[in-house]
Structures are given as C-alpha cells and as structure tokens.
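A.B. asks: Build the 3D model from these lines:
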Amino acid sequence: MAPRHSRAGRCHSIEGAHVRRAAVAEPDCISEDLSTEDLITEDVPTEGLSNEDLPNVLLEAAELPAPPGPDDSAVSAAGPAAGPSRRHLLRALLAGGAVVGGAVVLDRTATPASATGVGPLFNVTDYGAVGNGTTDDRASVQSAIDAAHAAGGGTVFFPAGTYLLSMRFDHSPAVYALDIYPGIVLRGANRGASVLKVASAANGATGGDWTAVLLQRDASTPVDDFVLEGLTIDGNSAGNAITSSSLANATTAGRHALHVSTGARIAVRDCRFSNVGDVRHVLWLNGDASGDGTARVTDTVIEGNVIDGVGSSSIDHAHASIYWAGEGLRCTGNVLLGKAPTAIGAGTAIEGRGSDIQVEDNDIENYTVAIAAAAVQSWEGAQNDVAHNTARAVAVGVLLSSKQSGTHTSGFGANGVDIHHNQVTVDRDAWATRSAGAPAIAAGVALDTANDLPLADVQVRDNQIRFAQSSTASVAADAGGGGVVWSRSGSFSDNDVAVVGNFVDSPLAAGVLVNAGVARLDVIGNSVLNPGSAASGSMPASGRVGISVGNPAGSSLADVRIDGNEVFDGRTPVVMTSAVRYAPQGTVVNAQAMDNVVRAMDPGAAIAVADSTTTTANALFLRARCPSWIQPPGIYRFGSTVTTEGTVALAGSGAIRVQQAAGAGSTWTSTLTSL
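C.D. replies: Modelled structure (predicted):
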C-alpha cells in the first residue's frame, strides 16, 4: 500500500540534530467575520455551479473531508480554547453554520451535503421502522440493510427519529443488534436527528453484557466500502449496566457500537456515540486479530465524530474508545469526553496500532490516556503521526507502546513515529484519587515501561505540555513522570530518538526524563518551567531537575546531545536542584550537553547547572550558562565550561570557569576569565 506521505527529505537541522520534520501545514489565524468567499485562497472555478454542487467543489479545492453533521452543546463547551482554524470555519460555513464570537455554531437543521447517498436508497421506514423511540425497530432496520446487501450495496437512510434496537442471540457467543455488509452506507438525516438507541436490558437477565450494535459477523467476508455517517448511536448505559469486569473482552461484552475485523475503505463520519458508560470499545476495527502479520483493516477514515458519556463509578471495563489496528488510518477532528477524571472506565480515548496512521486534530477530555500510539501488531509499524491534538484532564497525553505480538517477535515495534504540535494538560491529582486503575505516572508523552521491542526514528517535537497544580503529596511513581518520559528497562536500545522544541510547564518531576538505552539521542531546544512541582515539596532532589538523562545497567547510550535547552525556576525560594542531571548506569559513548541555560527568579538561587553521577569513562562534555557559580557536582570532560550571568556570581556576571584537569575530572579553574 502506498503511503500517504513520504518521510524522505524531511530533514530539519537544529544545532546539527538528526531531526526530521513532518510536512504538516500549520493552521492559519483568520478573523471571525469571514464569508465563504473570503475563505477561498486558491482559484476555484465556481461559475455556473448550483448551490448543491458548490460546497463539494470548495471542499475538494481545500482538500477537506465532507462537512460534519450538526454539533451539540456538550461538544461546543469542550472545544479547544484556541480560535477556529481556517479549516474548521470553512467546514462550519459549508455545513450551514456560522461563526459567532470566534466559536463555530452549526445549524441543527442542516442536512449534510453528502445526504443524497451512494447507489440505491433504502429508507428504513419503507421496511416498517417507526422511529418513535418505543417500538423495537431492529428487524425492520435489518430488513433494509439486507435489501441493500442483496442489491449489491446501497445507502440505508434513517429519517429523523429514534430507532429502538433490541439484541439478537442466534449467533452465539455474539450478542448484537444488526449485521453489516460490504458496500453498505448507513446514513441519518444528521446526528442530531437520527438516533439508534439500544433497548434497556438488551441482554435480558445479564442486562448490558452484549457484543455490539453493528457487527461484522463473518470475518471471511470483508466489509469493504462500509460507511457510517450522520447518526447517533445511544448506548443507553442507564438501562444496560455491565455486570462484571470479567466480561471485558471483544467477543462477549465489548459493548461496541461498531465491530469490524476485516475490510478496506471504511468510513465513520459525523456521528455521535452517546451514553456509552461502561464500554470496552466504542469503535473496534481490529485488522490484526489473527496475529499472522497481515493487516486486514486498511484505508480507514474516522472523522468528525463525538463520543461522550464514557466511564462509570463501579467497574473498570475500558480499553480504548476508538481502537484500530491495520494499515492506513485517518482519525481526525473527533471529540471524546469521559464523564469525569474520577470515573472508572474512562481508559484510553484513541489507540492506533499498525502503519500509516494519522491521529490529528482530535479533542479529548477526562481520559486516563488520551492517545496510545501502540506499536503492538504482528508486523513492523511505520509512518505514524500524532499531531495537533488537544487533551485535557488526562494522566498521560500520548503513550508509546512497542511490544511483541503474534508473529512479530523481533526487530522494531515501529520505525517512524512523529508526535508533534499537541497540547496536553495533565491533572495528576484527579486521576490519583480513582478507587481503581490509577495510572502509574503522570506525563505529557511517555514510553510504556512494559515494552519488549525497541523503537526507531521517533520524534517528540513542538508539543505544549502543562500540569495542573498538584495539591496532594507526591507518590513514589511521580518521580518517574514528567513532561516527556522515555524510560524502559532491559538492555536493548531504541534508535534515533529526538525530543526537540517542547514546552513543559510545572511538571511534577523532570521536564524531560530519559532512562533507556538509545543509539543517537537528541534532547534539543526544549523549554522547562518550574520542574519538580509536586505538592508540598514532596519530590526528591533527583526529580527536581529540568532535563534528566541516563540509562539502566546493561544498556548503552551512544551519541547523546543535550543541547540548547532552557530551564527556568520562577519560585521563591527556588525548588529546582539542577538544570541537567546526567546519571547513566550503563555504558555511554560520546555524550555532550552544550549551550543549556538555567535561570531563576530568586536572585540567591543555588542551582547547579548540571549534576553528573558518572565515572571518568562516561564523563559528560558540558558547556552551559547559569545565574551564579555553583561547581557542578560530578565529573566532566576536559574543556567543559560554565559561564555565570547573574550579579550574585562570586566573580560577577560574565565569568567563565573551565574544567582544566589533565584528563577528565572534577577540577575547575579558580582563575576567572571575563568575557
């Protein structure tokens, strides 16, 4: 399968760093009072077009997906704080909406431009469906789907109404509502008007222990060209309580809205999945269920959807609301809302496994993990981008997993992962109070410590990571958290890891923490504000640092660059102990820390510019600036320098101290040379 974009030639140099930049266009800032015409920036031939044709022509010219269905108040309230991008404004205007006070407001009565359908049209009311919310319409809706299937495909249309669906039990062990087939489009008038609602006590005595609403029952027949759009699927969680967490798997009580294991060109667009409660997965598209190295779900689009009401207060039944494994996923513009940070069952919002994955422009709130970039599939993943997402009230923004699966037991879990331009707000306190399933760490971007395969060509760049104020004392695991955390046990090494240009505000521990074997590691150009912000000064000194780099015993670090980072402590008295902590326990070849800067609001701050715990053999080459002279603890290589910039320095501002031992050692010159 040809990739959607090539990584070739995307090299960007920062102080010589081996960092490749993704060719992703940044959203433009535009004024609020723009018409559709104002948003067209290219020559688009519109003369002679009808009003019906114009929206699709404009969208094609802008290279955008079809307009979304109507939004709802919950989504508007949860939207990103930043102003709407050109794309969102264009989509809103073309969907019959407007821009009011910088917010996108969509017309609830608007019909999507694509509502005319594809192929023959099968109206469910022609097959006996009533849509009054009380009559069981399952058999009638299935008749319409079966008729479309018999015709070789078509659009099954749901006029405005609430279609109650019971479950069927004739294909054990699955308990589900509707069969789906290839070439079928299930389309509503819009997601605010057309609702498929699961009946209460859908599985009789066991209530909510059911498999799926929409099920691909025969995995040997791929559901190619299946489309779900403009509908709400109401899980009716109040009437379908899960009975036991022991049922939390895909075949008995997954409670999926959509369950697919084979298919190509699948789209889920502009739908709402509400009242899902205790749900294992909302969308389950697992093209790696066989584990034999073949992707059986390909070229999938999941965009413009809303998933809300995830989680409960009793059973931790969750895995990922959107779970996908295969090749070719575009997951964009979705809104996912958990009930509350303390709710059990709000696990991972989006998990993508495989190759050629784009998870972009999603808005996520109240999940333990916002996005799992999971290299856990039976082949080596590649070309996976996680970009421009917003996550709030989460424990972990992006979690990187790389584990053996099926026939894939060696090599890299993934070769090519780019995590960039995401905005994450971590709230450790809210998640730490959960009665079960509390996360092990709080981090903006983190490596799964249970990984057993290495990763290659990973970029974590230009992300904004903020931590909500912590009011409870730190727990032991918090010392392993931070803004960007690359930590793993074992002797194997990741290759080509770049942590570049990230901004981290008030992490509980370090802004950037690396404790792993890595061949070619760049930690460059990051800004860290107030590290070690755990409540009541409960973070140990080793965690109150800006950048911490090391590796476990038995592993190797090679070609390490800790360059051009800036660490600032704005607290009085100062809390941070050092800007850079260098603490390898394994072998190190060629490590340097160049042009890092430490600053402090407290004029009497006693902050070491660096803290090295290494032996002579692993000595770090250091060149740094700090407000006052405090001899860096540890051993550094010959020629290392520290420049003092503050007036509190023993010899005044601009003094330079040089490491001039005969070999690597800890003797710094007492003669100060002014710049």
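A.B. asks: make it CA atoms for all contacts and neighbour counts henceforth
C.D. replies: Noted.
A.B. asks: Could you double-check that Phe467 lies in contact with Gln423?
C.D. replies: No. Between Phe467 and Gln423 there is no contact under C-alpha atoms under 8 Å: 11.1 Å.
A.B. asks: higher neighbour count, the two?
C.D. replies: Comparing Phe467 with Gln423 by neighbour count (other C-alpha atoms under 10 Å), the higher total belongs to Phe467, at 25 against 22.
A.B. asks: got a list of what the more buried one touches?
C.D. replies: Each residue near Phe467 by C-alpha atoms under 8 Å, 6 or more residues apart in numbering is listed here: Thr425, Val426, Asp427, Arg428, Asp505, Ser506, Pro507, Leu508.
A.B. asks: let's go with 6 Å and repeat that
C.D. replies: Thr425, Val426, Ser506, Pro507 (C-alpha atoms under 6 Å, 6 or more residues apart in numbering).
A.B. asks: Next step: those restricted to strands.
C.D. replies: Thr425, Val426 (DSSP state E).
A.B. asks: Okay, now the unreliable bits of the stretch 251-400 of the chain?
C.D. replies: 251-253, 277-279, 290, 313-318, 341-345, 375-379 (pLDDT under 70).
A.B. asks: can you give me the helices for it?
C.D. replies: For the stretch 251-400 of the chain, applying DSSP state H, counting those that start in this stretch gives no helices.
A.B. asks: Over to the chain?
C.D. replies: For the chain, applying DSSP state H gives helices covering 36-39, 54-61, 73-78, 86-94, 138-150, 428-432.
A.B. asks: you'd agree Gly128 is up against Ser140?
C.D. replies: Yes. Assessed by C-alpha atoms under 6 Å, Gly128 is found in contact with Ser140 at 5.3 Å.
A.B. asks: who has more neighbours, the two?
C.D. replies: Comparing Gly128 with Ser140 by other C-alpha under 10 Å, the one with more neighbours is Ser140, at 19 against 15.
A.B. asks: show me where the stretch 551-675 of the chain has strands.
C.D. replies: Counting by DSSP state E, counting those that start in this stretch, the stretch 551-675 of the chain has strands at residues 556-563, 566-569, 578-582, 587-600, 608-612, 621-626, 641-644, 655-658, 673-674.
A.B. asks: which strands and helices sit next to the third one?
C.D. replies: If you count contacts as 3 or more C-alpha pairs under 6 Å, 6 or more residues apart in numbering; DSSP states H and E, strand 578-582 packs onto strand 545-550, strand 608-612.
A.B. asks: Any chance you could list what contacts it?
C.D. replies: Residues outside strand 578-582 that contact it (C-alpha under 6 Å, 6+ apart): 545-550, 567, 598, 607-612.
A.B. asks: Quickly run through the sheet partners of it, with directions.
C.D. replies: strand 545-550 (parallel), strand 608-612 (parallel) (DSSP bridges).
A.B. asks: who touches the longest one?
C.D. replies: With C-alpha under 6 Å, 6+ apart as the contact definition, strand 545-550 has outside contacts at 510-515, 531, 567, 576-584.
A.B. asks: circling back: is it possible to get JSON lines of the helices and strands packed on strand 578-582 that adds distance to Ala151 and mean neighbour count?
C.D. replies: Below are the helices and strands packed on strand 578-582 laid out as JSON lines (distance: least, C-alpha to C-alpha, whole Å; neighbours: other C-alpha atoms under 10 Å):
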{"stretch": "strand 545-550", "distance to Ala151": "62", "mean neighbour count": "29"}
{"stretch": "strand 608-612", "distance to Ala151": "72", "mean neighbour count": "26"}
